[in-house]
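Visitor: how does the following fold in three dimensions:
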Amino acid sequence: MNILIIDDEPYLLEKLTSVLTSEHYNVETSDDGRKGLEKVWNETYDLILLDIMLPTMSGLEVLSEIRKAGVQTPVLMLTAKGDIQDKVTGLNLGADDYLAKPFSLAELLARVRALIRRGNSGSPVMEAGDICLNTVSREVMKSGELLTLTAKEFAILEFLLHNRGRAISKFTLAEHVWGEDFDPFSMSNFIDVHMSNLRKKLKTSEQDTVIKTIRGYGYLIEKEEK
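Guide: Below is the predicted model:
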């Protein structure tokens, strides 16, 4: 899941990036309204966290341009505490939700999860064959039976299911799951171990597995033919 944060407070940017990355989101940032808008034009995001007070272009102006262009990416506005007019204006311009500073990280994460679920057609469930993953309860079922996955195994499966039908390189997968802790020179075998353990828990063989290996590249969960 890709999140863009547009905010000009360095400490807050660093803190939000750290927290969201630890929750296995891909995070990009901008400390400038106009530059943030350029990122929206050039990349696809699942959610935008948008401050109102920004250099060069206010958050409300950024939001207005996004919605005028037909971009329906969920937007969570970050507003000054008690500034009712900014909240009303933001919602009227097409913001999906707002959060007044200062806010708790627990509340932020709850809002982020809710908006991303809403943006993904409202369904928290992803499936492949007899495997069913629920992003809300963070449970994985196989043929109706609950599986016990580690946090890293869950993150690997969730990311591959989210990108179903698209081959994901080993580097991209590791960067998403381990974030800044990933060392491409020493962790390749480490990833293989986690993948092997995950496949065993999914009770699949190398010949008939939900997660396909793309030799020399990475992994793929195929889309079902309709």
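
Visitor: wait, Leu198 sits on Ile156?
Guide: Yes: counting by Cβ atoms under 8 Å, Ile156 is a contact partner of Leu198 at 5.9 Å. Bear in mind the C-beta positions are built from the backbone N, C-alpha and C, glycine included.

Visitor: settle it for me: which of the two has more neighbours?
Guide: Set side by side, Leu198 and Ile156 show more neighbours around Ile156, with 25 against 22, by other Cβ atoms under 10 Å.

Visitor: check which helix or strand that one maps to.
Guide: helix 151-162 (DSSP states H and E).

Visitor: let me see the ranges of the strands in this protein.
Guide: For the chain, the strands defined by DSSP state E occupy 2-6, 26-30, 47-51, 75-80, 97-101, 125-128, 131-134, 139-142, 145-147, 168-169, 212-214, 218-220.

Visitor: kindly calculate the angle that the lowest-mean-pLDDT helix or strand in the chain makes with helix 151-162.
Guide: When the helices and strands of the chain are scored by mean pLDDT, DSSP states H and E, helix 170-178 comes last with a mean of 76. Angle, helix 170-178 to helix 151-162, by axes from the mean of the first three to the mean of the last three Cα atoms, to 10 degrees: 130 degrees.

Visitor: CA atoms of stretch 210-224 as CSV?
Guide: Only the C-alpha atoms of stretch 210-224 are listed here, as CSV (Å, rounded to 0.1, in the frame of the first residue of the first chain):
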residue,chain,number,x,y,z
VAL,A,210,-0.2,-20.2,-4.3
ILE,A,211,3.0,-18.2,-4.4
LYS,A,212,4.9,-18.8,-7.6
THR,A,213,8.7,-18.3,-7.9
ILE,A,214,9.8,-16.2,-10.9
ARG,A,215,13.3,-17.6,-11.4
GLY,A,216,16.0,-14.9,-11.1
TYR,A,217,13.4,-12.2,-10.2
GLY,A,218,11.0,-12.8,-7.4
TYR,A,219,7.4,-14.0,-6.7
LEU,A,220,3.9,-13.9,-8.1
ILE,A,221,0.4,-14.8,-7.0
GLU,A,222,-1.5,-15.3,-10.2
LYS,A,223,-4.9,-13.9,-10.9
GLU,A,224,-7.7,-16.4,-11.3
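
Visitor: give me the contact list for that stretch.
Guide: Applying Cβ atoms under 8 Å, 6 or more residues apart in numbering, the external contacts of stretch 210-224 come out as 128-129, 131, 157, 160-161, 163-173, 195, 198-199, 202, 204, 206.

Visitor: in it, what's buried?
Guide: Neighbour counts over stretch 210-224 (16 or more other Cβ atoms under 10 Å) mark Val210, Ile211, Gly218, Tyr219, Leu220, Ile221 as buried.

Visitor: for Gly70, what are phi and psi?
Guide: Gly70 has phi and psi values of phi 80, psi 10 when expressed as degrees, to the nearest 10.

Visitor: for Arg138, same thing?
Guide: Torsion angles, degrees, to the nearest 10, at Arg138: phi 60, psi 40.

Visitor: show me the shaky parts of the chain.
Guide: For the chain, the stretches with pLDDT under 70 are 81-83, 118-124, 136, 176, 179-188, 204-208, 225-226.

Visitor: which residue ranges make up each domain of it?
Guide: Listed domain ranges for the chain are 2-119, 125-220 (source: automatic domain parsing).
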